Each structure stands twice: as structure tokens, then as C-alpha cells.
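*Asks:* Model the structure of this input:
(2 chains)
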Amino acid sequence: MQKILLGNEAIAQGAIDAGLSGAYGYPGTPSTEIIEYILKSKEAKQGDVKAHWATNEKVAMEEALGMSYAGKRAIVTMKHVGLNVAADAFINMAISGINGGLVVVVADDPSQHSSQNEQDSRFYGKFAMLPIFEPSNQQEAYDMMTDAFALSEKMQLPVLFRSVTRLSHSRANVTTSEKVAQNNLQILSDTKRFALIPSFAKKQYRNLIDKQKALADLAESSKWNRYHEGTNTSLGIIASGIAINYLYENFEGKVPFDVLKVSHYPLPKEKVRKMFDRVDKILVLEDGYPFIEEMISDYLGREQKVTGRLTGAIPRTGELNPNIVAVALGLEEHIAEEMPAIVAGRPPQLCPGCGHIDLYEELNELIPEIGEKRVFSDIDCYSLGVLEPYNSIDTLIDMGASIPMAKGAADAGLQPAIAVIGDSTFTHSGMTGLLSAVWDNSPVTVIISDNSAVAMTGAQPSAAMGRLYDIAKGLGVDENHIKIIIPLKKYHDKNVEIIRNEVNYPGVSLIIAQRPCVTMSNEKKDLARKFNTFEPSY
Amino acid sequence: MKKDIIIAGVGGQGILTISAILDMAALQSGYNVKQSEVHGMSQRGGAVQSHVRISDRPVYSDLIPKGKADIILSVEPMELLRYLPYLHPEGYLVTDINPFKNIANYPDEKLVQAEIAKFNHHRMIDARGLAKKAGNFRAANIVMVGAISDLLPFEEGLLKKVIADLFKRKGERIVQMNLDAFDLGKKAVIENMTV
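*Replies:* Alright, predicted model coming up:
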């Protein structure tokens, strides 16, 4: 059957059709729609496929590993920076190995459309010594999932499945195939390899290294890596993932040069060697970091046979497109018109009526008396408070960084220090930072701007809903200094007063600014209000 | 047959709905489609665009190369100009004339219209006004589909069927309103009611 599927939906449908039993993830652009699709899928429901938004990426990965341990097939999904959070699990489950097939789907964001960086997850795959699949289009994204699970079970290792924004968020015709049955619950007779005390772990690490030859051989013969011999050997092109499309676009599918399409790693060495032997110069096209280019370039740059991002043939940063590839190939770039100078930038902004706006207006009123440059913040919609017209927050580094950074700055003497964090970011990785501040009785004020949703990615449910007060209390924040405010204009003066009092308190204070996200349906808002039963502190 | 269409606007203006209509019509016509869109941060009131590529041959790149778009369709006039580098010399510029001003430095509307009027193949339409006439200003995006319908490789009946299918869930009244919006957009072009 043919359907039009978003790249992420093709990945999700591919997993369902490959006998998926469990899908775990944390929302993050450009990966979010994979879990969303499985959550909505009737087939997944009928097959009793578990789909779950975990509290963070590490938790999601460990839940997926648990499903695999029990013999069933699982995927875990996240954006590229989420893999940093899950890295501990990722690296170590390469050591333990898996039981049921386990595919780690990571969506990278070249050009940083919605991210702090454009880190390339293929480095993580290599670091963990695991096979990597990198589909070049939506059909491959669908088809490769069956192979990824089969490879995972054959080698008893997780497989890293790398997408990028342009594939994840682009739709195309996809032909689906027969569904594979799910695995049965199957506990291994010997589970010691999952217990990584040094004596077992050393053996497992050796096993992983011993598997490298087989992994390389499988990639060498993989149908996803193809060598095309051209008629013109002045140039050879290695194109990984979606980069191959920009190459074909420029030649309408008929490339006169040698082409190596790479979608399955380890990099197929024999095919690369063949290209070195046949052509005069090699151009590497890859979306992300110069991963392949660096691997095959002459370190001292004496030979200069390989070109790409490192040599300036391709810009060092940003995603590829047909025009960049045309320039690198020395082809004519068609540009009809320039953008007129009158066109103004239109950055994203907080929605009209958003509760974060009211909170920032309250905070801004206090900044002259509190002092500037001491509001440490975090990641989600409220991050937009760093822009005009608010300029209310000063930092955004990684999920959960606000509270520990405020504590560290307060330790340095920057007092008072304030952290502004969202509800879901707080349960993702803010809680341990708060406990650390409580433990040390640091003079920080934590404001949780609670909209009962993971808002930026499309208002997914937040694990924090209705639990924030109890969590703060449980982590040891003095109940006299846990306040609940409602960020609405009519409470402006009261809220300013509450924030002022708590900022002046020389220990940990915590303010929950509670109002459901304006983009949520009335049904979801009502649900949030039902959960948020604690009375405001007026 | 190949049509490369850029659809532009501001997050929340119904760009993805236009894209979905074109996708479905292409699928039902047996064409190949690639359609790249924007999710995430920019959807919050920022500039967003969708690249829709329809062909009877394989479509490779998810992105339209610069200088190759057959149509730039915008539901906001300044956003149309943002994508001019993608316009094919013979391509069409089609836009709703009603500005969406959520930024302080929005340019003079007359200058924006003058830039668009420099091009022979332009259609400036009061889509918001026509949508209101059909029943709800939110249907301005469907008016715009009507306004490019003669440039698309689809029968009118197919486009209307896809629109009807898309809004079926919301009831007969909403379906009819959107079909009216489509007709008004189409009529505006035929009768040269462009601004």
C-alpha cells in the first residue's frame, strides 16, 4: 500500500511493521512525531504496542533496554542532544549487548533549526562501536527498520538509526510491506552479561571488539551501501544519507562520476578503497559534521585528494541543499532573484496570551532592585524570554542547567540567583539540581513556569502535572517557601510581591507559576486544572 | 510533468493544510511527492515555509533548488518576498495581500506590494476578505488553493474532493464553507479581481 508519510512517520510505521513491541522517547524537534505516530496508530494499539513518553532520554533508553532484555523489539527516539543525556545507557548497552532487537533512533538538526548545536550522532555510533543506519529517503527510512531490527538481533547489539531534520520533516510516497510478528517474552538463561561488574564487563568489552570484523563485513556487503561506476573518473563522490538526493537532483539521477552511497556503517572500507584507486579527486557530501571526510582524509593534508567541509568545498556548518552541492560540483547555480531589502526577519515568539509573558513582566519589574544578569534559564518555549521584548533570562545551555548554574553563581557570590525552568524540563533533569541546592542550603530562587505541557514540541503531556508541589516538598524545600502563583495580569502586583519576598529569602525557595499552555485544547486545559489542585498562595 | 511550489507564511496560518491538500491530490493522481515542512520553534509565530515537489518522475531533493520554483504561494505578502531567490524566471507569485504584523519593524505595505508588482506573473488576492465572505477568515488558506488551482496538474474535481475529505470530520457546514472559499479564490483569478 502506498501512503504519503513524514520521514518520522515512515520510521514509526517501519518499526511497527518490523514487529515492534515498545517505543519510548522524550519529545524534541526534529524527532517528536515518531512516538506521536505510534501513540495514535490503531495498528499499534491493536498489537498492544507500548508507546510512552518517558521523563527524559536516558530513562527512555533504559526502558527500551528493559523491553529488549525481556526478548521483545523496542525503539527509543530522541533529538541529537537527547543522546547526550542518554549517553551513559547508550555506551554501556553496547557493552552488555541486547536480547530483543533494539534500535536507537536519533534525529540530528543540521543548521540548528531548533537546537543549541548541530552535533552529529554518527560520532556516538562510532564511539560506542555500534552499527549505524542512515536512510537517504522516506522509503528507505521505512524499509531499513526491518533490517535494523534483524541486524540488532543477529549481532546482539543496539543499532543507531540516524535521521536529520530534512528527512524527519519531509513527506513522500512510501510503499509499506507485510508486518513481521512481535517476539514473545523470552528471558535469557544466562543474564550475567547485563551485570557489568568489571570481571563480566571486561569479557563483554572484548566481545564487542571481536564483533567489529563482522560488523564491518556486513556493512561492506550491505544493500544500503552502493557503488556506481561512472564514465568520468576525474571525480568520485561519497554521499551519505540524504546528501545523495542533492547529488542526483543536480544530475537528474544520471551522475557521470563514480558515486558511493553510504547508508550503513562502519564505513565500507573496500568500496572507499575502490574509489581511491579509480578516481583523481573525491568529494564527500554529508549532512552534519565531516565524519566520513575526516576518517578518509590524509591527516597532514599532503595528498589533498579528499574534499568536503574540511577543505572549504562545502561550507563547514549548516545543512546541505541542492545549491551548495551544485557549487561544490562546479555546476551553475540558478538564482532568479535576490530577497528585497525591505523583508524583515520574523523570529519565533511566545503566543499571545501565554503565561510565560506575564511571568516575565513580573520578573522584569523586579530586575532593577534584584540586579541584572542573574536569571538562569532552561529549554522550552520560555527560552524565547531571552529575546526582545522580554530580555528576562540570561542563560540557556542544556536541559536542567538552570538550577545548578544558579547555585554555582550564588556560590561565587552572585546573590540572589534565580532559575527559571519549565515543568517538564524540571522533571526531565531539574530535580537532581534542586536537591543539590537544598542539600547545600543555597540562596537560590527556582521559578517553575508550569504550563502542564511539553509545549514547544506540540504540547505533549508533562510528567510533572499535578506533582510539582509534592516533588519540591519531598526534595526538602521548606514548605513556607514553596509558593504557587497564577501568571495573569490581575495577579500581577501580588505575584511581584511573592517573587520579591522569595528572592530575598537566603535559602532555597521555589515558586510554581501555574497556568495551562494556551495552545492546548480546552479538554487538555481542564485536565491540567483538575490535576493542579494546590491553592495559589494569595 | 513537474511542479515545484513553495508555500510561505507565519506559523499558525495554515501552511501545512495547504501542503496536505496538494500531497493528497498528488498521491491520488499517481504522482511522486516530496514535501518538506517546518516543525518546532518557528511554528511559534515565526516565518515558516513548505517545499512541495510533485512530478511524474522521481523527486530527489526534499528542498527546491533556488531559481526553480514554479509557484511561490504565500498567505502573507512580506513572507512571499522572503522566498524570491527560489523563483523560476517564468514562475508565479501568488499571495494574500493582508499582512500579519507580529513584528515591530514590519515594512510599509505599499512598498511590499510594489515589490510584488514588479513581476509579470503575480496574483495579489484579498484572501482574508474572500474567506470572510465564505464564512470564516480562517479559510484564507483554502482561498489561496483556489487561486493557484489553474496552475496545478490536478482536475478541479479532485482538489475539491480532497478538500471535502480533509474537513469531513468537522461537518457538512465547514466542508461547504471551505469549498466556497476555494471557488472564491478561483473566481478572483478568472475575473482578474486581483488587487
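*Asks:* ok, how many other residues are close to the residue of the stretch 301-450 of chain A found nearest chain B?
*Replies:* Residue of the stretch 301-450 of chain A nearest chain B, by C-beta to the nearest C-beta: residue A:334 (3.2 Å). The C-beta positions use only the backbone N, C-alpha and C, and glycine is treated the same way. Neighbours of residue A:334 under the rule other C-beta atoms under 10 Å in any protein chain shown: 16.
*Asks:* Was I right to think it contacts residue B:68?
*Replies:* Yes. Contact criterion C-beta atoms under 8 Å: residue A:334 and residue B:68 qualify, at 6.2 Å.
*Asks:* about what we covered before: which residues does the residue of the stretch 301-450 of chain A closest to chain B contact?
*Replies:* Neighbouring residues of residue A:334 by C-beta atoms under 8 Å, 6 or more residues apart in numbering or on different chains: B:65, B:66, B:67, B:68.
*Asks:* Residue A:166 too?
*Replies:* Counted by C-beta under 8 Å, 6+ apart, residue A:166 has contacts A:110, A:242, A:287, A:319, B:36, B:62, B:63.
*Asks:* neighbour-wise, which of the residues you listed leads?
*Replies:* residue A:242 (31 neighbours).
*Asks:* Okay, helices next: where are they in chain B?
*Replies:* Remark: helices assigned in chain B by DSSP state H are B:15-28, B:77-82, B:109-117, B:127-134, B:140-148, B:156-167, B:172-190.
*Asks:* mind putting these in JSON lines, mean neighbour count, mean pLDDT and distance to residue A:66 included?
*Replies:* Below are the helices of chain B laid out as JSON lines (neighbours: other C-beta atoms under 10 Å in any protein chain shown; pLDDT from 0 to 100; distance: least, C-beta to C-beta, whole Å):
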{"stretch": "helix B:15-28", "mean neighbour count": "22", "mean pLDDT": "96", "distance to residue A:66": "36"}
{"stretch": "helix B:77-82", "mean neighbour count": "25", "mean pLDDT": "98", "distance to residue A:66": "47"}
{"stretch": "helix B:109-117", "mean neighbour count": "16", "mean pLDDT": "97", "distance to residue A:66": "57"}
{"stretch": "helix B:127-134", "mean neighbour count": "22", "mean pLDDT": "97", "distance to residue A:66": "51"}
{"stretch": "helix B:140-148", "mean neighbour count": "28", "mean pLDDT": "97", "distance to residue A:66": "45"}
{"stretch": "helix B:156-167", "mean neighbour count": "17", "mean pLDDT": "97", "distance to residue A:66": "40"}
{"stretch": "helix B:172-190", "mean neighbour count": "19", "mean pLDDT": "96", "distance to residue A:66": "45"}
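*Asks:* can you redo those as a markdown table with distance to chain A?
*Replies:* As requested, the helices of chain B are exported to a markdown table (distance: least, C-beta to the nearest C-beta, whole Å):
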| stretch | distance to chain A |
| --- | --- |
| helix B:15-28 | 5 |
| helix B:77-82 | 5 |
| helix B:109-117 | 5 |
| helix B:127-134 | 18 |
| helix B:140-148 | 17 |
| helix B:156-167 | 12 |
| helix B:172-190 | 17 |
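*Asks:* could you dump these to a markdown table with distance to residue A:25?
*Replies:* Rendered in a markdown table, the data for the helices of chain B read as follows (distance: least, C-beta to C-beta, whole Å):
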| stretch | distance to residue A:25 |
| --- | --- |
| helix B:15-28 | 22 |
| helix B:77-82 | 32 |
| helix B:109-117 | 42 |
| helix B:127-134 | 38 |
| helix B:140-148 | 31 |
| helix B:156-167 | 28 |
| helix B:172-190 | 34 |
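*Asks:* quick one on the thing from earlier: in a helix, the residue of the stretch 301-450 of chain A closest to chain B, correct?
*Replies:* No. Assessed with DSSP: H, G, I helix; E, B strand; the rest coil, residue A:334 is coil; it does not lie in a helix.
*Asks:* Would you list the phi and psi of it?
*Replies:* phi -90, psi 110 (degrees, to the nearest 10).
*Asks:* Same question for residue A:376.
*Replies:* The phi/psi pair for residue A:376 (degrees, to the nearest 10) is phi -90, psi 130.
*Asks:* quick one, what contacts it?
*Replies:* A:393-395, A:401-403, A:405-406, A:409, A:417-420.
*Asks:* who does it bridge with?
*Replies:* residue A:395, residue A:419 (DSSP bridges).
*Asks:* Which residue is most remote from the mean position of chain B?
*Replies:* Largest separation from the mean C-alpha position in chain B: residue B:104, at 25.2 Å (C-alpha atoms, centre = their mean).
*Asks:* again with chain A
*Replies:* residue A:231 (40.9 Å).
*Asks:* got the domain boundaries for chain A?
*Replies:* A:2-210, A:226-328, A:355-531 (automatic domain parsing).
*Asks:* Kindly present those domains as CSV, with separate columns for mean pLDDT.
*Replies:* Below are these laid out as CSV (pLDDT from 0 to 100):
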stretch, mean pLDDT
domain A:2-210, 98
domain A:226-328, 96
domain A:355-531, 96
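*Asks:* Show me the one of these that comes nearest residue B:179.
*Replies:* domain A:2-210 (22.2 Å; C-beta to C-beta).
*Asks:* Can you tell me how far the residue nearest the centre of chain B is from residue B:32?
*Replies:* Chain B has residue B:73 as the residue nearest its centroid, 3.9 Å off, counting by C-alpha atoms, centre = their mean. Residue B:73 sits 20 Å away from residue B:32 when distances are taken as C-beta to C-beta, to the nearest Å.
*Asks:* Residue B:70 too?
*Replies:* On the measure of C-beta to C-beta, residue B:70 and residue B:32 end up 16 Å apart.
*Asks:* again, but for residue A:403
*Replies:* Applying C-beta to C-beta to residue A:403 and residue B:32 gives a distance of 50 Å.
*Asks:* between those two, who's got more neighbours?
*Replies:* Set side by side, residue A:403 and residue B:32 show more neighbours around residue A:403, with 31 against 17, by other C-beta under 10 Å.
*Asks:* since we're on the residue nearest to the residue farthest from the centre of chain A when sequence neighbours are not counted, how many residues are nearby?
*Replies:* Using C-beta to C-beta, 6 or more residues apart in numbering or on different chains and skipping residues adjacent in sequence, the residue nearest residue A:231 is residue A:256, 5.5 Å away. Burial measure for residue A:256: 12 neighbouring residues, criterion other C-beta under 10 Å.
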